[in-house]
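Enquirer: curious how this folds, go ahead:
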Amino acid sequence: MSTLKKLHGGGYEVRGRCNAKQVRKRFSRKKDAQDYYRRLDVDAERRRAGLPRERGDFTYRELTDAFLGQYDRTSKKWKREMLDYSITEFGDALVRTLDSDEIGSWLHALPHGPKTKQHILDAMRQVLGQGVEWGYLARNPARSKAVQAPRASVPDVRPFGSWDEVAAVAAASDPRYSNLATFGCSTGLRPEEWIPLEWEDVNVSKRTCRIAKVCVDGVVRTDQGKTDAAFRVVRLQQTALDALAAQANPQNRLIFAAPNGGLIDLDNWRERFWKKAFDGLSIEYRPLLQMRHTYATLALSAGADLYFISKELGHRDIRTTLKYYARFQPSVDERNLGLLDAFSADTDTEIQTDEADPDVS
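Expert: All right, here's what the predicted structure looks like:
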């Protein structure tokens with residue numbers, strides 16, 4: 001027999017049996033307590049009748065546990081961190097009772113930035129989407145059309161202005177990391193991507209580098225929580241190859257290792273090495289992510305194709321690339337206009353076609 005009572009210190013407590021075990025749960029909201037109380041009674045009636053447990057009666061915490069059970073320990077840690085926010089709020093609620101408006105109001109009230117809120121929503125959306133597939137609820141209440149995360153502000157893009165500035169910072173860096181600025185600005189990798197980068201990820205003859213893992217808070221993950229574009233192979237321009245050749249150290253599998261030979265602790269490394277490289281320079285300090293922005297803007301200035309840049313950066317959509325770097329496009333437009341002017345001014349230029357090509361009419 002299940003019981004529901006109000007606690008003197010606030011909240012509610014439900015006692016009963018679930019899956020042949022005695023359970024006692026506390027709830028801050030009366031509605032959640034009542035839902036769980038009714039669920040235990042329904043389960044008991046179905047059990048007495050010899051029927052299986054009704055699939056629709058499943059708490060959000062139970063659903064997240066089942067969802068996380070599909071992943072290995074490394075991947076689970078990141079997802080669990082993002083899911084803890086929604087579990088704290090909705091853990092004891094039955095998934096079939098979750099409401100889109102309630103999820104949206106809770107999300108927007110969180111004291112976090114737009115990007116973190118997007119990660120929190122994405123994680124919750126994945127869990128509830130899996131719940132739909134498993135038959136625990138009819139429709140995902142956190143679907144994109146029902147709940148939208150706050151939009152991020154305009155990105156802070158302050159790249160180095162030239163390769164000369166990059167070279168100056170590299171020269172002023174600790175000798176162990178003098179090649180890192182050049183490599184970062186030559187590839188556009190995020191800090192969490194170059195920290196776990198190993199020599200086996202690089203193919204010098206093919207001029208490629210495989211991005212298959214990230215390092216977040218000292219933990220290397222093979223699931224970035226992003227699209228497949230985040231797992232990619234980037235092309236290495238000559239400056240990146242030169243930086244790798246100068247960095248070569250067969251004693252360590254990591255390309256850029258901490259002083260103790262392990263993974264770089266980004267916060268410590270930033271304070272001890274990166275910021276000090278700017279001391280005495282007439283160059284404005286740049287956060288580490290600006291190396292990524294420098295790659296994109298210098299590539300645009302060199303006339304590289306926007307689609308190529310977007311693919312190298314691992315953007316899921318070229319519109320993301322345009323959002324970040326549209327204001328750097330004029331220099332490319334001027335170069336393209338120069339090519340068109342030169343072409344039209346050459347009166348001897350003829351358009352060549354392949355007569356044997358059946359696609360040419």
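
Enquirer: in three-state terms, label Asp122 for me.
Expert: On the three-state scheme (DSSP: H, G, I helix; E, B strand; the rest coil), Asp122 is labelled helix.

Enquirer: for the stretch 1-150 of the chain, give me the ranges with low pLDDT.
Expert: Where the stretch 1-150 of the chain drops to pLDDT under 70, the residues are 1, 18-21, 42, 45-57, 72-75.

Enquirer: the strands in it, which residues?
Expert: Under the criterion DSSP state E, counting those that start in this stretch, the stretch 1-150 of the chain contains strands at 3-6, 12-18, 21-27.

Enquirer: where along the chain do the helices fall?
Expert: Here the chain has its helices, by DSSP state H, at 30-48, 60-68, 73-90, 100-109, 114-134, 163-172, 180-187, 191-194, 238-247, 266-269, 290-301, 306-313, 318-325, 330-345.

Enquirer: can you lay out the strands of the stretch 1-150 of the chain as CSV showing distance to Gly184 and mean neighbour count?
Expert: All C-beta spots, glycine's among them, are computed from the backbone N, C-alpha and C. Below are the strands of the stretch 1-150 of the chain laid out as CSV (distance: least, Cβ to Cβ, whole Å; neighbours: other Cβ atoms under 10 Å):
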stretch, distance to Gly184, mean neighbour count
strand 3-6, 58, 12
strand 12-18, 53, 18
strand 21-27, 49, 13
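
Enquirer: dump these to TSV, plus distance to Arg210.
Expert: Below are the strands of the stretch 1-150 of the chain laid out as TSV (distance: least, Cβ to Cβ, whole Å):
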stretch	distance to Arg210
strand 3-6	56
strand 12-18	47
strand 21-27	47
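
Enquirer: Ala109 and Lys117, how far apart?
Expert: For Ala109, the distance to Lys117 equals 10 Å [Cβ to Cβ, to the nearest Å].

Enquirer: looking only at neighbour counts, state which of those two leads.
Expert: Neighbours per residue, other Cβ atoms under 10 Å: of Ala109 and Lys117, the larger number sits with Lys117, 18 against 8.

Enquirer: which non-adjacent residue is nearest that one?
Expert: Nearest residue to Lys117, sequence neighbours excluded (Cβ to Cβ, 6 or more residues apart in numbering): Ala149, at 4.7 Å.

Enquirer: quick one: the one you found and Thr97, what's the gap?
Expert: Taking Cβ to Cβ as the measure, Ala149 and Thr97 are separated by 22 Å.

Enquirer: of the two, who's got more company?
Expert: Each of Ala149 and Thr97 has its neighbours counted (other Cβ under 10 Å); Ala149 has more, 20 against 16.

Enquirer: next up, the contacts around the more buried one.
Expert: Contacts for Ala149 (Cβ atoms under 8 Å, 6 or more residues apart in numbering) come out as Leu107, Pro114, Lys117, Gln118, Ile120, Leu121.

Enquirer: ok, now Pro191?
Expert: Neighbours of Pro191 in contact, by Cβ under 8 Å, 6+ apart: Leu266, Leu288, Leu289.

Enquirer: same thing but 6 Å
Expert: By Cβ atoms under 6 Å, 6 or more residues apart in numbering, the contact set of Pro191 is Leu266, Leu288.

Enquirer: just Pro111 next, same as before
Expert: Not one residue lies near Pro111 by Cβ under 6 Å, 6+ apart.

Enquirer: hmm, 10 Å instead?
Expert: Taking Cβ atoms under 10 Å, 6 or more residues apart in numbering, we find Pro111 in contact with Lys117.

Enquirer: Val147 versus that one, what's the distance?
Expert: Pro111 is 18 Å from Val147, where distance means Cβ to Cβ.

Enquirer: repeat for Cys185
Expert: Using Cβ to Cβ, Cys185 is found at 38 Å from Val147.

Enquirer: higher neighbour count, the two?
Expert: Between Cys185 and Val147, Cys185 has the larger neighbour count (other Cβ under 10 Å), namely 30 against 21.
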